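Trainee: Could you look at this predicted model? Sequence included:
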Amino acid sequence: GLTVERLKGTTAAWVDRDSVAGYLLPTAYLKAQGLEPARAFFAQHFTGSYRGALESVLEGKADVTSVFCPPSSTGLTYGTGVEDVLGAGAGRRFELIAYTDEAPNDGVPVAMGLQPQLVTALESSLLALQSSPDGVSLLKDIFNAERFEPAPRMGYRALYRVALASL
């Protein structure tokens with residue numbers, strides 16, 4: 001029965017201060033809803049991992065946490081992130097109270113001064129990895145990924161807001 005509007009006086013368990021899905025995006029979301037986390041929560045603590053944050057809620061040490069999850073456009077449920085961390089069926093033990101804006105899980109940054117044709121060549125090479133057995137092996141063994149996706153041009157506005165808020 002917990003809602004964003006009823007978070008005042010509760011306890012939050014976060015991953016760490018640099019975790020995008022485990023702290024930065026949810027606190028930016030709360031601020032956009034008019035809730036300043038430092039004043040809204042009775043207490044906030046950092047657990048160092050998604051497992052620790054989720055277990056804090058299960059153990060009653062916290063009322064709310066945040067976890068990565070696929071965007072609703074994928075058709076996967078919010079419990080997917082919970083189940084990635086705690087195992088199958090664990091998603092049923094939690095309720096979703098809000099989605100933040102979407103952000104990439106990982107990225108391959110390049111220097112701002114890199115020639116555009118080199119950036120395009122790198123992007124094409126990374127996107128093509130899933131097309132060959134050797135590429136699939138590289139994706140799995142080096143990047144722990146199934147594939148790369150291009151970042152939307154001018155996308156991930158939530159990350160810009162988080163970065164600007166930290167200045």
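Mentor: In hand now; what should we look at? Residues are numbered from 1 along each chain as shown.
Trainee: wait, doesn't Gln33 sit right on Lys8?
Mentor: No - counting by Cβ atoms under 8 Å, Gln33 stays clear of Lys8, with 11.7 Å between them. (Each C-beta comes from the backbone N, C-alpha and C, glycine too.)
Trainee: check contacts around the residue most central in space within the chain.
Mentor: Most central in the chain under Cα atoms, centre = their mean is Ala21, positioned 2.8 Å from the mean C-alpha point. Shown in contact with Ala21 (Cβ atoms under 8 Å, 6 or more residues apart in numbering): 15, 66-69, 81, 100, 103.
Trainee: for this protein, longest helix please?
Mentor: In the chain, assigned by DSSP state H, the helix with the most residues is helix 116-128.
Trainee: Sort out which residues of that one are buried, please.
Mentor: Going by neighbour count (16 or more other Cβ atoms under 10 Å), the buried part of helix 116-128 is Leu126.
Trainee: Distance of Ala62 relative to Leu114?
Mentor: For Ala62, the distance to Leu114 equals 43 Å [Cβ to Cβ, to the nearest Å].
Trainee: the more surrounded of those two?
Mentor: Counted by other Cβ atoms under 10 Å, Ala62 and Leu114 do not tie: Ala62 has more neighbours, with 22 against 10.
Trainee: okay, the contacts of Ala21 in a markdown table with pLDDT and neighbour count next?
Mentor: As requested, those are exported to a markdown table (pLDDT from 0 to 100; neighbours: other Cβ atoms under 10 Å):
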| residue | pLDDT | neighbour count |
| --- | --- | --- |
| Val15 | 95 | 25 |
| Ser66 | 93 | 27 |
| Val67 | 90 | 26 |
| Phe68 | 85 | 18 |
| Cys69 | 80 | 21 |
| Gly81 | 81 | 21 |
| Thr100 | 84 | 19 |
| Ala103 | 75 | 18 |
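Trainee: Which ones among those map onto helices?
Mentor: Those of the contacts of Ala21 mapping onto helices are Gly81, per DSSP H.
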